[in-house]
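Participant: Turn this into a model:
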Amino acid sequence: MDAVPASYLEAHRYDGAAIEHGQRERLAYCALQPRDLAIVRDVWRYKFLTAPQLRELWWPTASVQAADRRLLKLFRAGHLDRFRPYARRGTGSYPWTYRLGEEGHRLLQHAGEIHDQQRYKHRPIVDYSRVVHDIQLNAWVLAYRRMLGTGLLAWDGETTIDSPTGLRRENERFDDDWSPEGLHDERPRSVCPDAVLEIAGDTPGAASRLIFVEYDRTRRLDKNYDKFHRYDAFLTWWWHHTPLGNRETPPFVLFVCQDDEQRDLFLDAADRQLLGHRWHPDVSPERYEYLGRQRILFATEMHAHAGALEARRVPAFPRGHTSRRAGARGVRIAVAKHDRPELVQPARGDAASSEREAA
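Facilitator: Below you'll find the predicted structure:
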């Protein structure tokens, strides 16, 4: 890229910053509007949002001052708490970062968003590194949202999907006697994506798609092997036993990596780990279905900020398979607002990818 996108730089200003907390002497009354409830709900769902992120979501055409005045009222009323990094000399000031306040927790309970028995827990934040993951994840989703426009139908924050009790891999049979085989871990263990996005279909009336987003700042393969195994089992086997089972297709899982080097390391590791497939005694190995290899994707964080909504996935068949074609496969991951391509369609060619195809 010729230049680093401004939205990427903004999200990464916070690395290693110390904290200044907003102070209020007492709670101030605030006459709530319907939009206020939605703002408080968004801050709760996405954990932490900066003032510029909230302005993009709720005041896209209003002045900065109008948005900041309303956020200040919600803070003074206790619906939101706020903090920001101390600005080093020469770096300029930082915007406030907002999280759910105690009065906001009570408001969401009255609205039925939070269970009545769930108590508010105030967790002191003394190091901004505790929230950088969520700030940068949300910045990535907003960059993705800018490219999709109305094609982004829904955005949920961190979501846990548990498997029903009593499932056993050896008892599973799909239609016409297909069964799940080759899994590293045959236990149906929960998955917990950092965000869940629902994307419009490519044509009017087409089914929407889900994308589970895993945003990784650790760069550590050892912390992700378990995720590869869990998602491989989930996609190959037990996703249709969950509330998602009435959908036409399983979700995509998108690992968002810090840079191209990390993405390529993750691709290489996933190529060795994603071995789960649907097997049939009367079908040749060329027809085995490797759903994990088809629907687990890897992208570089900065690309979305630059408007290049591309990802890669491992070869369709594992190493040693007679039908394997070497090289990562490049795919697009968006229904851009200026046209209506497939959610995942062939990406523009480049020398780094040996194969381009649709999902």
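Participant: Tell me where the stretch 151-300 of the chain has strands.
Facilitator: 152-156, 179-181, 195-199, 209-215, 252-257, 277-279, 296-300 (DSSP state E, counting those that start in this stretch).
Participant: tell me the angle the last one makes with strand 252-257.
Facilitator: Meaning strand 296-300. Per axes from the mean of the first three to the mean of the last three CA atoms, to 10 degrees, the angle that strand 296-300 makes with strand 252-257 is 30 degrees.
Participant: if you skip the residues just before and after it, what's nearest to R189?
Facilitator: R230 (5.3 Å; CB to CB, 6 or more residues apart in numbering). Yep, even glycine has a C-beta here, placed from its N, CA and C like the rest.
Participant: Check the burial of that neighbour by counting its neighbours.
Facilitator: 21 (other CB atoms under 10 Å).
Participant: quick one, what contacts it?
Facilitator: Counting by CB atoms under 8 Å, 6 or more residues apart in numbering, R230 makes contact with 185, 189-191.
Participant: rerun that using 10 Å as the cut-off
Facilitator: 161, 163, 184-185, 187-192, 253 (CB atoms under 10 Å, 6 or more residues apart in numbering).
Participant: Identify the bridge partners of L80.
Facilitator: The residues listed as beta-bridge partners of L80 by DSSP bridges are L100.
Participant: With the one 5 residues further on instead?
Facilitator: Here P85 sits in beta bridges with I19, going by DSSP bridges.
Participant: quick one on the thing from earlier: can I get the contacts of R230 in CSV including pLDDT?
Facilitator: As requested, the contacts of R230 are exported to CSV (pLDDT from 0 to 100):
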residue, pLDDT
I161, 96
S163, 89
H184, 90
D185, 86
R187, 87
P188, 91
R189, 93
S190, 96
V191, 97
C192, 97
V253, 98
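Participant: Would you mind checking these for buried ones?
Facilitator: Among the contacts of R230, those scoring as buried are 161, 163, 184, 188, 191, 253 (criterion: 16 or more other CB atoms under 10 Å).
Participant: For those, work out which two are farthest apart.
Facilitator: Greatest spatial distance among those (CB to CB): I161 and H184, at 18.8 Å.
Participant: follow-up on the earlier one: which one of the strands of the stretch 151-300 of the chain lies nearest to G245?
Facilitator: Per CB to CB, nearest to G245 of those: strand 209-215, 12.2 Å.
Participant: most centrally placed residue in this protein?
Facilitator: By CA atoms, centre = their mean, the chain has its centre lying nearest to V213, at 2.6 Å.
Participant: Dig out what that residue forms beta bridges with.
Facilitator: Beta-bridge partners, per DSSP bridges, of V213: A195, L254.
Participant: mind listing what it touches?
Facilitator: V213 sits in contact with 137, 140-141, 144, 155, 158, 193-197, 252-256, 299, where contact means CB under 10 Å, 6+ apart.
Participant: Recalculate using a threshold of 8 Å.
Facilitator: Shown in contact with V213 (CB under 8 Å, 6+ apart): 137, 140-141, 193-197, 254, 256.
Participant: mind putting those residues in TSV, distance to R272 and neighbour count included?
Facilitator: Shown next, in TSV, are the contacts of V213 (distance: CB to CB, whole Å; neighbours: other CB atoms under 10 Å):
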residue	distance to R272	neighbour count
L137	27	25
W140	27	25
V141	29	22
P193	22	23
D194	24	21
A195	27	24
V196	27	18
L197	28	24
L254	20	23
V256	21	27
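Participant: Tell me the one of the residues you listed nearest G327?
Facilitator: The nearest member of these to G327, counting by CB to CB, is L254 at 19.7 Å.
Participant: Please verify my assumption that the closest one contacts L210.
Facilitator: No. Applying CB atoms under 8 Å as the test, L254 and L210 come out as separate, 10.5 Å apart.
Participant: Many thanks, have a good one.
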